[in-house]
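Asker: Just need the structure, nothing else, for what follows:
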Amino acid sequence: MSTTTGFNLPVDVILIVLEDLELNDLISIRSTCKFFYNVVNEFGWPAYLRRNERQSFTLHSARKRWSPLAQVKYNTLVDRGWSHSKFIARPLSRAWSANLQPVLALSSSRVLLAAGEIVYSVCHSRTIDGGTWNQNHLRWTPGRDITSMVFIDDGGENRIVNIGFDDGHVERFDLPPHDSSNWRQRIYLKRFPDKALHFHERDAVESISYSRNSFLSLSSWGSVALTDLASPSATTTTLHLGIRSWSSHLCMGAPTPYAVFGITCTASPAPLFLHYILPSGLSPTASLVLNSPHQQPSAVYGITKPAPSSPLGPSDQIVVSGWYDGAVRVHDLRTPEQATSATSEPASLKPVLTLRDPWSPEPVYCVSCGGGSASFVAAGTARYSVVAFWDVRQPTKGWSVHAPGNDPSPVYSLILESSRLFGATQSRSFVYDFGPGVTKDTYPSVPPASYRSIDRHLRPMDDGIDYYTLKYNHNRVGIRTIMSTGG
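Answerer: Numbers count the residues shown, from 1 in each chain. Reported below is the predicted structural model:
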C-alpha cells in the first residue's frame, strides 16, 4: 500500500495548502525539515502577509527592505504589545505657546502636524531595531490657521498635500524636499488663494477627504465640493447641506461610491448620513441615514473606515464614527435590515456595534482604526487628553490612556497604524509605539520647559525612552489605574 507524503505532492498543491495556514501552522510545518523550511520562507510567509495586511504608513518604505519572515516577526511582536496594552509613550513636540486645534496627516515618509499657521514636517526612517526622525518647520504667507490636511497620491514622492484654511480656501502645495541636515529649518511657502482648488466663501474648511483621485471638502456650515483630480478639467460638483457640519468621509472604492457627512443634529433625523456619488456627481439628497438607537439631538465629529483585513469586514463597506454622546458607532452598509419609510425620507441603518468608555461620557472628537491584527478602534475625547481603545473582537474589554503630560484638553486628531498611534491635543503632539526596538533616538528629544505649568506632568521614565502615562480599564466593577508606560 503506497502512501503520499508532502514530498510527493505537486508543488502547486503545496502552495494552495499554504494559502490557508495560520501562523502557528506555518511555524510547525517550517520546523519539520529543510524542504518545508525553504518552502514556507519563500511562499508561506508572503501568503500569510497578503491575508493579514497591516496598515503601516510610516513603515511602508522600510518594510520593502525587510524579508517576509522579518515582517511576520515584527507583526507578531506588535500584536503582543497590543494584547497586553504595552507601548512606549512619547511627546513629539514641546507645548505650544497658545491653545490650538491641530491636525495630522501621514504618508510613507512624512508626518505632517499643522498647529495654527505652522506645519511641522517630520521625516522618518525605521529599521527593525529602531529608527530616526528629523523635523522641519513650514510656514505659509499670508498666514492663516490650517484646519484640515491630506496627502494626495503623487506616485510615492509624498510631496503633494491639499490644505484647508480657516478663510475657506483649499489649496494644493508641493512640499520641498526634506533637509535632514537641518532639522530646525524653517521654510516659508507662499499661498495663492486665487488658484484655490475649492473656495467656501470665507466659511472655514472643516474637513477634507481623499479617495482614489477624488477629493472632497466640507465647510463648517455645510458647503460641499467634490473634484475628480484625475479629470483633465478637474470637474467640481457642489452641494449645500445648510447646517453646522463637522466631518466627512469619502469612499470611491465601494461598489457604489459614497460620501458620509457628520453634522449637528437638531431637527434632522440623525447627525450622520450618506450621499451616493453618481456619474453626474453627488446625489443632491441623502441616500441613507446612519442613526443611533436613541433619537435625540447629537453631533458626529469624526468619521473613518476600518483598516485593511479588519475583523469588521471590507473597509469600504464599514463606517466608524465618533459622536457627541461619547459613543463610537459602527455601521455596516451590507446590513439588510434597513428601516424604510412610506414618505420620501431616506432609509435608515442602525449600528452593528457601539463602543463606549463607561468612565468618560465626553464627546468623541476623532476616530481612527488599525492596531494589532487590524482590529482596534481609537477615539480621542473632548477632555483630559484621553484616548480610548477597543479591540472589536472583545469590545467590552476596552481601555483608555491620557496623553503624555496629562494635558487638560481635547484630543483633536488621531491617526492609527499597525504599530503606532499619532495624536495631538491643543497643547502638543504625541505618539504611542507598540512595536519593538524603540530607543532614545527613535523620536526627537523634547526637553520640557520647566517654568511652564503645562509641562509639570510631563515626566520621562528612568530609561529616558518612555514617559509616564495614566491608563485605566473599562471594567464596570471598579476603575483600575496604572501610572506607567501602559504595561
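
Asker: Now do the SS call for the spatially most central residue of the chain.
Answerer: Among the residues of the chain, the one closest to the centroid is Ile415, at 3.1 Å (Cα atoms, centre = their mean). Classification of Ile415 using DSSP: H, G, I helix; E, B strand; the rest coil returns strand.

Asker: Hmm, it is touching Ser107, no?
Answerer: No: Ile415 is beyond contact range of Ser107, at 10.7 Å (criterion: Cβ atoms under 8 Å). Every residue, glycine included, has its C-beta placed from N, CA and C.

Asker: Show me the common contact partners of those two, please.
Answerer: Shared contacts of Ile415 and Ser107, defined by Cβ atoms under 8 Å, 6 or more residues apart in numbering, are found at Phe57.

Asker: Mind jotting down where the helices sit in the protein?
Answerer: Along the chain, counting by DSSP state H, helices occupy 11-19, 23-30, 34-39, 45-51, 60-63, 68-83.

Asker: Now do the last one: which elements does it pack against?
Answerer: It refers to helix 68-83. helix 45-51 (3 or more Cβ pairs under 8 Å, 6 or more residues apart in numbering; DSSP states H and E).

Asker: Sort out which residues of the helix it packs on are buried, please.
Answerer: Neighbour-count burial for helix 45-51, with 16 or more other Cβ atoms under 10 Å as criterion, is recorded at 45-49.

Asker: could these go into CSV alongside distance to Asp455?
Answerer: Converted to CSV, those look like this (distance: Cβ to Cβ, whole Å):
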residue, distance to Asp455
Trp45, 45
Pro46, 47
Ala47, 49
Tyr48, 44
Leu49, 42
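
Asker: Which parts of the stretch 201-350 of the chain are strands?
Answerer: With strands called from DSSP state E, counting those that start in this stretch, the stretch 201-350 of the chain shows them at 205-211, 214-219, 223-228, 236-240, 245-251, 258-265, 272-278, 281-282, 288-290, 298-304, 318-323, 327-332, 338-339, 347-349.

Asker: Report the angle between the fifth one and strand 214-219.
Answerer: For strand 245-251 against strand 214-219, the angle by axes from the mean of the first three to the mean of the last three Cα atoms, to 10 degrees is 170 degrees.

Asker: what does the third one give?
Answerer: Orientation note: strand 223-228 sits at an angle of 170 degrees relative to strand 214-219 (the same axes, to 10 degrees).

Asker: Direction included, what does strand 223-228 pair against?
Answerer: When pairing is defined by DSSP bridges, strand 223-228 lines up against strand 214-219 (antiparallel), strand 236-240 (antiparallel).

Asker: For it, which outside residues touch it?
Answerer: Residues from elsewhere that reach strand 223-228, judged by Cβ under 8 Å, 6+ apart: 170, 197-198, 200-201, 203, 213-218, 234-241, 248, 250, 259, 261, 277, 281-282.

Asker: Keeping just the C-alphas, turn it into CSV.
Answerer: These are the backbone C-alpha positions of strand 223-228, laid out as CSV (Å, rounded to 0.1, in the frame of the first residue of the first chain):
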residue,chain,number,x,y,z
SER,A,223,-20.8,73.7,1.8
VAL,A,224,-19.5,70.6,0.0
ALA,A,225,-17.2,70.5,-3.1
LEU,A,226,-16.2,67.2,-4.8
THR,A,227,-13.5,67.2,-7.5
ASP,A,228,-12.2,64.4,-9.8
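
Asker: Enumerate the residue intervals of the stretch 351-487 of the chain where per-residue confidence is below the cut-off.
Answerer: 447-454, 476-487 (pLDDT under 70).

Asker: So what's the model's average confidence on stretch 69-81?
Answerer: On average, the pLDDT along stretch 69-81 is 94.

Asker: This completes my enquiry, with thanks.
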